[in-house]
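**Student:** My questions are about this predicted structure, shown below with the sequence.
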Amino acid sequence: MSDFTELTKLNAIWASKSGFMDAFSGLFDPSSIANHGQSTMEVERIFTPLGPMVCVADAQGIHLLEFVDRRAIELQVDRLRTTFQCDFTVGKNAFHLQLESELQAYFDQELKQFETPFVIRGTQFQETVWQQLTKIEYGQTLSYDGVAKAIGNPKAQRAVGKANGDNRLAIIVPCHRVIRADGGLSGYGGKVWRKQALLDLEGRKTLFPEMKNVRAWKPVS
């Protein structure tokens, strides 16, 4: 299947140290911002059955978790840099390790609620929407209209959709659980096939068997 072929290529790139460093330099451009930020966040990759993810954290918690081929991921990184006036470096802390363990349990269908601390900052409206997303329970979905009504702004469906798309914390702030009123999946920054796979997983279905082979992908020096 084409999705599996794509994942194999992504895993091979991000599993190697040189591939990861090239990807890091291209995405976070450390040479142009070194020592300009007020703080430093650590960047690590996490492998999942749906492909590698990039994870950014500091001493407060997780700030970004995205699939590496997410649409407009560069924009998310720029927003993070601007919001927190930070630099980035390759590394990991206790929050990376905790989240990696929780993601493995999640994909093994053994975990429904993430406990790793996270930080997500945006406009007041965005933060209200993101907070509402965390209230959508595992195995459940809610329409954009439903989210708008839940936050007391029933006419804000389109704004809710935009805020949903601006979420920087895939899976742990479950924007994938928001669907169209007619049951359609609509867009998803991490690609619609992943949205379907996540919903299938939470519906207790098994992921594509070949994707389980991602367990073999480990960072190499």
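**Tutor:** Nice, thanks for sending it over.

**Student:** quick one: stretch 52-66 to chain centroid distance?
**Tutor:** The chain centre lies 9 Å from the centre of stretch 52-66; the measure is C-alpha atoms, centre = their mean, to the nearest Å.

**Student:** Can you show me the CA trace of it as PDB?
**Tutor:** The C-alpha trace of stretch 52-66 is given here as PDB (Å, rounded to 0.1, in the frame of the first residue of the first chain):
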ATOM      1  CA  PRO A  52       7.700   9.200  13.000                       C
ATOM      2  CA  MET A  53       6.600  12.200  15.000                       C
ATOM      3  CA  VAL A  54       8.700  15.200  16.100                       C
ATOM      4  CA  CYS A  55       8.300  16.100  19.700                       C
ATOM      5  CA  VAL A  56       9.400  19.400  21.300                       C
ATOM      6  CA  ALA A  57       9.600  19.900  25.100                       C
ATOM      7  CA  ASP A  58      11.200  21.900  27.800                       C
ATOM      8  CA  ALA A  59      11.100  21.800  31.600                       C
ATOM      9  CA  GLN A  60       7.400  22.600  31.700                       C
ATOM     10  CA  GLY A  61       6.200  19.900  29.400                       C
ATOM     11  CA  ILE A  62       5.500  19.000  25.700                       C
ATOM     12  CA  HIS A  63       5.000  22.000  23.400                       C
ATOM     13  CA  LEU A  64       4.700  20.300  20.000                       C
ATOM     14  CA  LEU A  65       3.900  16.800  18.800                       C
ATOM     15  CA  GLU A  66       3.400  16.400  15.100                       C
END
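
**Student:** Counting neighbours, which bits of it end up buried?
**Tutor:** Buried residues in stretch 52-66, defined by neighbour count with 16 or more other C-beta atoms under 10 Å: 52-58, 61-66. (C-beta placed from N, C-alpha, C; glycine too.)

**Student:** mind giving me TSV with those residues and columns for secondary structure, pLDDT and distance to Tyr106?
**Tutor:** Output for the buried residues of stretch 52-66, formatted as TSV (DSSP: H, G, I helix; E, B strand; the rest coil; pLDDT from 0 to 100; distance: C-beta to C-beta, whole Å):
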residue	secondary structure	pLDDT	distance to Tyr106
Pro52	strand	93	16
Met53	strand	95	12
Val54	strand	96	17
Cys55	strand	97	14
Val56	strand	97	19
Ala57	strand	97	17
Asp58	strand	97	23
Gly61	strand	98	17
Ile62	strand	98	14
His63	strand	98	19
Leu64	strand	97	18
Leu65	strand	98	12
Glu66	strand	96	16
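
**Student:** Measure how far the host helix or strand of Gln98 is from the centre of its chain, please.
**Tutor:** According to DSSP states H and E, Gln98 maps onto helix 94-107. On the basis of C-alpha atoms, centre = their mean, helix 94-107 sits 13 Å off its chain's mean C-alpha point.

**Student:** ok, so what distance separates Leu199 from Asp58?
**Tutor:** Leu199 sits 31 Å away from Asp58, going by C-beta to C-beta, to the nearest Å.

**Student:** mind listing what's buried in the helix holding Gln98?
**Tutor:** 95-96, 98-100, 102-104, 106-107.
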